[in-house]
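> sequence first, then the predicted structure, then my questions.
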Amino acid sequence: MLVSGLAMLMLAPDPSVLVAPRKAFEECLADVEASHKKDDTPPRGYASAVDMACKGQEAMLVKALVDFDVANGTKRAEAKDYATMDIEDYRDRAKMRYEDYWELDRKKGSPSEPPQQVAAATPDSD
């Protein structure tokens, strides 16, 4: 029993094969985000750009994810579906992060919009 368990562990695919392609895709998306922040691109323009960006890194990551899942016993078609969902998640998170930046962080540094001040509460006098 112990021997068969060790054999299974030795045959299991190494998850570290996902590190480099995942990092390359994340870094590419981060570069796209930084570029669009610098250009002050509105969220809609950024969303279109991020959907088209990093196709080479995406392909490498999809291949790595599919190969890893197939090596773990997942059917190839199912592994491709999982990889597609992962890529969509990365892009959706990038869009949400950019929208947050656009709506919150970007305004903090904008001299044209002074911070809103809340009037102090005054006690009612009768």
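Structure received.
> any buried residues in stretch 45-62, and which?
46-47, 49-50, 53-54, 57-58, 60-62 (16 or more other CB atoms under 10 Å). Every residue, glycine included, has its C-beta placed from N, CA and C.
> can you list these in CSV and add distance to residue 79, pLDDT and secondary structure?
Below are the buried residues of stretch 45-62 laid out as CSV (distance: CB to CB, whole Å; pLDDT from 0 to 100; DSSP: H, G, I helix; E, B strand; the rest coil):
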residue, distance to residue 79, pLDDT, secondary structure
46, 30, 96, helix
47, 27, 97, helix
49, 28, 96, helix
50, 24, 97, helix
53, 24, 97, coil
54, 20, 98, coil
57, 18, 98, helix
58, 15, 98, helix
60, 15, 98, helix
61, 13, 98, helix
62, 9, 98, helix
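> which of those sits closest to residue 22?
Taking CB to CB as the measure, residue 61 is the one of these closest to residue 22, at 5.9 Å.
> next up, the contacts around that closest one.
When contacts are counted by CB atoms under 8 Å, 6 or more residues apart in numbering, residue 61 is found next to 18, 21-22, 24-25, 83, 86-87.
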